[in-house]
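1. Provided below for reference: sequence and predicted model.
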Amino acid sequence: MEKTLTIENKTGLHARPASMFVQTANKFKSKIKLTAKGKTIDAKSILMIMSLGLQQGTDVTISAEGEDDQAAITALSDLIKSKFGEE
């Protein structure tokens, strides 16, 4: 299961939103991956997410596999859509 979204907050995924994203991903048992800029990384790793340097306007695809994959994708999508509470 996967979903593609666009990073909308002006500052992109800097330290605070990246941390929120990883904390949310870690609440789920499913294996969660994030694909952007031609790379696929473990969405539960702050270092991996920071290494992508995700800016405003970047398309990202969240994919999850496991018993709570639907809930994981919904929670992470809602976080991105909320612009991480920054605006």
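-> On my side now, so go ahead. It should be emphasised that the depicted structure is a prediction, and the values quoted were computed from it without experimental measurement. Numbers count the residues shown, from 1 in each chain.
2. Got the confidence number for the nearest residue to Ile46 once chain neighbours are set aside?
-> Among residues not flanking Ile46 along the chain, Val22 sits closest, at 4.7 Å (CB to CB, 6 or more residues apart in numbering). C-beta here means a position set from N, CA and C on the backbone, and glycine is covered the same way. In this prediction, Val22 carries a pLDDT score of 98.
3. and Val22, what is it in contact with?
-> Contacts of Val22 were listed using CB atoms under 8 Å, 6 or more residues apart in numbering, and they are 43-46, 49.
4. which stretches of this protein form helices?
-> Counting by DSSP state H, the chain has these helices, from start to end: 15-25, 46-52, 69-81.
5. out of these, which comes closest to Leu34?
-> Of all these, it is helix 46-52 that lies closest to Leu34, at 6.6 Å by CB to CB.
6. which other helices and strands contact the closest one?
-> With contacts taken as 3 or more CB pairs under 8 Å, 6 or more residues apart in numbering; DSSP states H and E, helix 46-52 sits against helix 15-25, strand 31-36, strand 39-42.
7. Mind listing what's buried along it?
-> The neighbour-count check on helix 46-52 (16 or more other CB atoms under 10 Å) flags 48-49, 52 as buried.
8. Which single one of those residues is nearest to Ser82?
-> Ile49 (17.0 Å).
9. and the closest one, what does it touch?
-> Ile49 touches 13, 18, 21-22, 34, 41, 43, counting by CB under 8 Å, 6+ apart.
10. Just put those residues in TSV and tack on distance to Glu2.
-> Below are these laid out as TSV (distance: CB to CB, whole Å):
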residue	distance to Glu2
Leu13	18
Ala18	20
Phe21	16
Val22	18
Leu34	10
Ile41	14
Ala43	11
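11. Filter those residues down to just the buried residues.
-> Buried among the contacts of Ile49 (16+ other CB under 10 Å): 13, 18, 21-22, 34, 43.
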